[in-house]
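Colleague: let's see this in three dimensions:
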Amino acid sequence: MSTPETAQFVRLRVELVLEVDDADAVAKAALRRIAEDTAMPADERTHAENAVTEDTAEALAYLVDPFDLVSEVPGIELAQASWSSEPIDYDPDSPDWDLDEDDDAEDGEEVGVG
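Modeller: Residues are numbered from 1 along each chain as shown. Below you'll find the model as predicted:
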């Protein structure tokens with residue numbers, strides 16, 4: 001099934017804008033996730049707990065895991081992942097937030113959700 005035209009590695013870029021209605025609930029969920037991580041060293045745990053209670057974006061970064069997004073997809077193995085989270089100023093009516101802006105892949109192939 002593998003042909004010379006078939007890519008062995010594919011970069012999947014996903015950008016999400018989330019509206020946080022309950023920052024306290026997000027922080028508590030992140031603290032639970034940190035508490036469940038038995039492999040995390042104590043000094044790292046303390047830093048993580050402080051970070052998620054002070055910054056909702058940091059709490060989301062602990063809760064959203066790219067592996068969870070693809071772990072059930074047949075025929076793939078996650079080779080590498082990185083992600084970040086940051087507070088933003090969001091205006092859904094602004095042309096700066098046009099979702100169709102990046103619909104053309106680098107090779108000119110149309111991409112999107114159908």
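
Colleague: could you check how far V70 is from E44?
Modeller: In this view, V70 and E44 are 25 Å apart by Cβ to Cβ, to the nearest Å. All C-beta spots, glycine's among them, are computed from the backbone N, C-alpha and C.

Colleague: what's the answer for D21, then?
Modeller: Counting by Cβ to Cβ, the gap from D21 to E44 is 29 Å.

Colleague: more crowded one of these two?
Modeller: E44 (12 against 7; other Cβ atoms under 10 Å).

Colleague: pLDDT score assigned to the more buried one?
Modeller: What the model reports as pLDDT for E44 is 95.

Colleague: mind checking how far it is from Q8?
Modeller: According to Cβ to Cβ, E44 and Q8 sit 34 Å apart.

Colleague: any idea how far P66 is from L18?
Modeller: L18 is 15 Å from P66, by Cβ to Cβ.

Colleague: please read the previous query as pertaining to D98.
Modeller: Distance of D98 to P66, computed by Cβ to Cβ: 25 Å.

Colleague: those two: which has the busier surroundings?
Modeller: Taking other Cβ under 10 Å, D98 and P66 do not tie; P66 has more neighbours (14 against 9).
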